[in-house]
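> quick one: sequence and predicted model below, then my questions.
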Amino acid sequence: MVKIPVEPYRIRMIEPVKLLPRDERLKRLVSASWNVFRLKSEDIFIDLLTDSGTGAMSIYQWAALMMGDEAYAGARSWFNFEKTVREVLGIEYVLPVHQGRAAERILYTTLMDKRGAKVVPANTHFDTGRAVVLNHRGIPIDLPVPEAKKPNIEAPFKGDMNVSALRKLIEKKGADNIAFILLVLTNNTIGGQPVSIENIRTVREVSEEYNIPLVMDICRFAENAYFIKTRNERYKNRSIKEIVKEMLSYGDHFIMSAKKDGLANIGGFIGTRSRELYEELAGRVVLEEGFITYGGLAGRDLEAIAQGLKEVVDESYLKHRIEQVRYFGELMEELGVPVVKPIGGHAVYVDVLEALPNMPREQFPADALAAFLYLETGVRAVGLGALAFAREENGNVAYPDFELLRLAVPRRTYTNSQLEYVAKGLANLLWKKEKIKGLKIVWEPKVKGVRHFLAKLSPIEKVLL
Ligand SMILES: Cc1ncc(COP(=O)(O)O)c(C=O)c1O
């Protein structure tokens with residue numbers, strides 16, 4: 001029997017949701033061109049598309065909103081935000097932006113231009129960061145550890161970077177051609193898997209040895225710290241706050257989407273330890289986002305993020321967060337759904353190559369499963385596979401290692417019984433997998449790396465009511 005996680009909060013406000021009948025869901029899917037990103041939120045019963053900006057705020061965050069100082073420059077809310085980032089994360093210079101990808105765009109392209117370098121190795125790039133590098137004529141390279149490529153084996157820190165592959169790459173390309181090294185904490189693309197403190201330290205050593213900046217994507221820094229505390233014997237008596245400070249002490253520059261471990265609905269920031277880089281980035285923030293004390297956010301957003309950063313390092317919050325996602329994943333596993341192991345921090349990932357072994361990659365199995373999951377259950381999840389990550393290599397299509405269906409769990413939002421409904425619905429669908437048809441592309445955008453967000457799709461065979 002899986003252990004039931006008990007919420008360390010009570011629900012004081014609710015938002016009604018409804019389950020449309022199947023024939024209505026089919027109509028909505030057809031008008032959304034079979035791409036779940038194009039569905040209306042009101043047509044969805046349980047929305048596990050993302051954990052980004054979709055969580056519930058606490059009473060303290062709602063109260064903090066009222067404290068928002070909306071001055072254009074030098075607002076009180078800005079100083080509160082800056083002080084909190086310094087206290088919780090130990091990062092000296094901070095520039096707010098409207099969300100994570102703005103931080104990626106400004107920091108990554110500035111570093112690429114400054115160093116005149118194109119190659120960006122990462123433990124594994126996330127889709128928005130990868131798109132930023134690609135659209136700046138860069139070369140994103142994924143260097144996950146070998147065990148990350150085996151979805152069904154248990155390993156505590158599958159999010160680690162393959163350090164020997166990193167060294168080989170640097171020797172081959174030359175250190176001057178590497179724009180920066182990127183560590184994504186936790187590693188979203190390969191299953192929300194954490195990065196170990198030893199790996200962070202070793203990557204730091206390599207970055208110092210070759211004089212290449214180390215950038216950290218810290219969207220889920222608190223979840224990563226909780227995994228270090230619970231999976232590394234030597235850290236079990238250290239507080240989350242101490243682990244966070246140590247983890248981040250090894251980075252030079254940072255990007256953050258406050259929509260994840262900022263526990264807010266919008267916002268992000270760039271962090272750096274370099275005064276010189278901060279000054280360079282500040283000009284771009286003014287031009288592209290807003291003045292450096294608001295960066296495209298309202299003062300009240302800065303207050304909500306500051307409060308969220310304090311709450312996210314609370315151990316009872318984190319314990320429930322990680323245990324609820326694990327509970328959801330273990331339920332699915334018990335029902336025979338092949339999930340990536342161990343269960344990740346913010347989402348459960350279904351190994352679609354295992355779940356739908358007969359569907360060819362060119363029919364986008366992960367996205368087909370997402371579309372049919374909505375049709376059969378009213379639940380929205382997201383496909384991360386060929387539609388998002390396939391690329392052209394010497395005239396051929398190079399497929400990513402995985403086809404994954406990601407069921408992301410918004411923070412403090414859904415109850416255990418809602419997650420049980422999803423687990424059972426998905427298991428039922430996979431028992432009747434002949435219902436799931438492959439998809440083909442009808443239209444795709446020209447911008448590189450964003451195809452899965454916008455593509456219009458259609459099933460390769462007629463779907464019956
Ligand atoms: C690891 C990671 N980096 C960057 C981003 C981009 O953040 P945002 O959606 O706020 O632009 C995300 C969003 O999902 C993410 O998961």
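Nice, thanks for sending it over.
> where do the helices sit along the stretch 301-450 of the chain?
315-334, 352-355, 365-377, 386-389, 416-431 (DSSP state H, counting those that start in this stretch).
> on the three-state scheme, the residue nearest to Gly290 when sequence neighbours are not counted is what?
Leaving aside its chain neighbours, Gly290 sits nearest to Gly296 (4.3 Å; criterion: Cβ to Cβ, 6 or more residues apart in numbering). The way it works is simple: take the backbone N, C-alpha and C, and place the C-beta from them, glycine included. Assigned state for Gly296: coil (three-state reduction, DSSP: H, G, I helix; E, B strand; the rest coil).
> so which residue of the protein comes closest to the ligand?
Checking the chain residue by residue against the ligand with Cβ to the nearest ligand atom singles out Gly100 as nearest, at 2.4 Å.
> can you count the residues close to that residue?
Other residues lying near Gly100 total 27 when counted by other Cβ atoms under 10 Å.
> who's the nearest residue to it once chain neighbours are set aside bridged to?
Excluding its sequence neighbours, the residue lying closest to Gly100 (Cβ to Cβ, 6+ apart) is Ser257, at 2.7 Å. Under DSSP bridges, the beta-bridge partners of Ser257 are Gly268.
> enumerate the residues of the stretch 1-150 of the chain near the ligand.
52, 99-101, 126, 128-129 (Cβ under 6 Å from any ligand atom).
> wait, which of the residues you listed is closest to Tyr235?
Phe126 (25.2 Å; Cβ to Cβ).
> quick check: the closest one vs Tyr9, distance?
29 Å (Cβ to Cβ, to the nearest Å).
> coming back round to it: let me have the residues of the stretch 1-150 of the chain next to the ligand in JSON lines, extended by secondary structure and distance to Lys435.
Listed next are these as JSON lines, based on DSSP: H, G, I helix; E, B strand; the rest coil; distance: Cβ to Cβ, whole Å:
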{"residue": "Ser52", "secondary structure": "coil", "distance to Lys435": "30"}
{"residue": "Gln99", "secondary structure": "coil", "distance to Lys435": "36"}
{"residue": "Gly100", "secondary structure": "helix", "distance to Lys435": "36"}
{"residue": "Arg101", "secondary structure": "helix", "distance to Lys435": "35"}
{"residue": "Phe126", "secondary structure": "coil", "distance to Lys435": "31"}
{"residue": "Thr128", "secondary structure": "helix", "distance to Lys435": "32"}
{"residue": "Gly129", "secondary structure": "helix", "distance to Lys435": "35"}
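> center of the protein, which residue is that?
The chain has Asn188 as the residue nearest its centroid, 4.7 Å off, counting by Cα atoms, centre = their mean.
> spit out the contact partners of it.
By Cβ atoms under 8 Å, 6 or more residues apart in numbering, the contact set of Asn188 is 124, 126, 219-220, 346-347.
> among the residues of the stretch 1-150 of the chain next to the ligand, name the buried ones.
Neighbour counting by 16 or more other Cβ atoms under 10 Å classes 52, 99-101, 126, 128-129 among those as buried.
> so what's the residue count around the closest residue to Gly425 other than its chain neighbours?
Sequence neighbours aside, Thr377 is the residue nearest to Gly425 in space, at 3.5 Å (criterion: Cβ to Cβ, 6+ apart). Residues lying near Thr377 (other Cβ under 10 Å) number 21.
> ok, Thr377 to Ser164 distance?
From Thr377 to Ser164 the distance is 43 Å (Cβ to Cβ).
> can you pull out the helices in the stretch 151-300 of the chain?
Secondary structure of the stretch 151-300 of the chain, counting by DSSP H, counting those that start in this stretch: helices at 163-173, 197-210, 221-231, 240-249, 275-288, 299-312.
> can you lay out these as TSV showing mean pLDDT, mean neighbour count and distance to the ligand?
Compiled in TSV, the helices of the stretch 151-300 of the chain are given as follows (pLDDT from 0 to 100; neighbours: other Cβ atoms under 10 Å; distance: least, Cβ to the nearest ligand atom, whole Å):
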stretch	mean pLDDT	mean neighbour count	distance to the ligand
helix 163-173	98	15	19
helix 197-210	98	17	15
helix 221-231	98	24	11
helix 240-249	98	19	15
helix 275-288	98	15	14
helix 299-312	98	25	12
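> how long is stretch 24-38 from one end to the other?
Taking Cα to Cα, to the nearest Å, stretch 24-38 runs 15 Å from one end to the other.
> now stretch 253-267
Using Cα to Cα, one end of stretch 253-267 lies 18 Å from the other.
> and Val195, what does it touch?
Contacts were defined as Cβ under 8 Å, 6+ apart; by that measure Val195 touches 123, 157, 159-161, 183-187, 224.
> let's see that with 10 Å instead.
123, 145, 157-161, 183-187, 203, 216, 224, 227-228, 247 (Cβ atoms under 10 Å, 6 or more residues apart in numbering).
> same thing with Val30?
Counting by Cβ under 10 Å, 6+ apart, Val30 touches 458-459, 463.
> with Val163 instead?
By Cβ under 10 Å, 6+ apart, Val163 lies in contact with 143, 145, 198-199, 202-203, 205-206.
> now the residue nearest to Tyr93 when sequence neighbours are not counted: how far from Asp252?
Using Cβ to Cβ, 6+ apart and skipping residues adjacent in sequence, the residue nearest Tyr93 is Tyr278, 3.8 Å away. Note on Tyr278: its distance to Asp252, by Cβ to Cβ, is 12 Å.
> what's the answer for Val382, then?
In this view, Val382 and Asp252 are 31 Å apart by Cβ to Cβ.
> ok, now Ala148?
Ala148 is 24 Å from Asp252, by Cβ to Cβ.
> show me where pLDDT drops low in this structure?
Judged against pLDDT under 70, the low-scoring parts of the chain cover residues 1-2, 465.
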